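Student: What follows is a predicted structure for the sequence shown.
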Amino acid sequence: MGIGNTILKAWDSHFHLDCTSQTLFGNQEASLVNILAAEVGSMPKIKVEVVGGIMVYCDPENYPTNIKCQRKGFGAAGGIHPKKAPLFPHTKFEELRNLLRLKTVVALGEIGRDRCAPASTWKLQEEIFVKVLQLSMPIRPVFWHMRDAADQNCGEVGARCLQIMKANVAPTQRIHLHCFTGTVEQVVSWLETFPKCYFGVTGLVREFDCFQKVALRRIPRGHLLIETDAPYIRPLQASASIPSFIGEVALAVSRVRGETVEEVL
């Protein structure tokens, strides 16, 4: 159900259409309409009408040559997931450049650093995302990925990412910190350095510690985004996450922030 008798309208700021299709159907051919209507074994408790979102393509082995959004309100992002760094030769850089030229592609990403990957790839990850930042522009958001297996707050990784961004993009750059799990200090430092920085929060909010919850409450409402990261971070009893679960994320966020679901959406 929605809230009362109202079906709320929602926007999923980060999901992977290609990977969701692969997870549900064994191929990457499913359309946006198919994914939005897919049955995954569990129904959202908060039903929403997904009226927009960003489809993220960050696997260099499967860059599309054309992206059809099919519905107004949806756009796409093109990037290189840091775990895919070893699969990103010079030819793939040109493919990414061409992907970003598509009219439906409105953001660069996701890119960044991931210390859940083997340490032998960390230097290469950094070299690649610095190079890819050459393709950035202030009006096109950069979707930023930060992970550290040894630190759920990504303190050291986040500090290095901020340092590199300061050296490579303008202070007016729009930034989307994907799947943010950081601290108040990170919220403050990113906003002071990049006033057009936004914080994407996923279903991982259900596992936030007290420090992460304080940080979530500190994010200005106008700088908060919610994401399913579909097909990842799937709800219990679901075979995969899909954008239709964005209401569930909003509910979890609202409980931490002391706001209504409508305010979060």
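Tutor: Arrived safely, thanks for sending.
Student: tell me the mean pLDDT over stretch 236-243?
Tutor: The pLDDT scores in stretch 236-243 average 94.
Student: Give me the residues contacting that stretch.
Tutor: Residues from elsewhere that reach stretch 236-243, judged by Cβ atoms under 8 Å, 6 or more residues apart in numbering: 12, 15, 20, 23-24, 35-36, 38, 40-42, 50, 53, 203, 228-235, 245. Glycine gets a C-beta too; all of them are placed from N, C-alpha and C.
Student: just the buried members of those residues?
Tutor: 12, 15, 20, 23-24, 35-36, 38, 40, 42, 50, 53, 203, 228-235, 245 (16 or more other Cβ atoms under 10 Å).
Student: Narrow these to those in strands?
Tutor: Under the assignment DSSP state E, the buried ones among the contacts of stretch 236-243 contribute 12, 15, 50, 53 to strands.
Student: farthest-separated two in those?
Tutor: F15 and V50 (9.4 Å; Cβ to Cβ).
Student: Give me the residue ranges of the stretch 51-200 of the chain where confidence is low.
Tutor: Applying pLDDT under 70 to the stretch 51-200 of the chain flags no residue at all.
Student: how about the helices of it, start to end?
Tutor: 90-100, 122-132, 155-168, 184-193 (DSSP state H, counting those that start in this stretch).
Student: got those as TSV, with mean neighbour count and distance to H178 columns?
Tutor: TSV is the format used below for those (neighbours: other Cβ atoms under 10 Å; distance: least, Cβ to Cβ, whole Å):
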stretch	mean neighbour count	distance to H178
helix 90-100	15	17
helix 122-132	18	13
helix 155-168	17	11
helix 184-193	17	13
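Student: Can I get those helices in CSV including distance to R147?
Tutor: Output for the helices of the stretch 51-200 of the chain, formatted as CSV (distance: least, Cβ to Cβ, whole Å):
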stretch, distance to R147
helix 90-100, 21
helix 122-132, 11
helix 155-168, 7
helix 184-193, 14
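Student: Turn the ones in strands among the buried ones among the contacts of stretch 236-243 into JSON lines, columns for distance to H145.
Tutor: Shown next, in JSON lines, are these (distance: Cβ to Cβ, whole Å):
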{"residue": "D12", "distance to H145": "17"}
{"residue": "F15", "distance to H145": "14"}
{"residue": "V50", "distance to H145": "23"}
{"residue": "G53", "distance to H145": "17"}
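Student: Nearest to F93 among those?
Tutor: Out of these, the member with the shortest distance to F93 (by Cβ to Cβ) is F15, at 24.6 Å.
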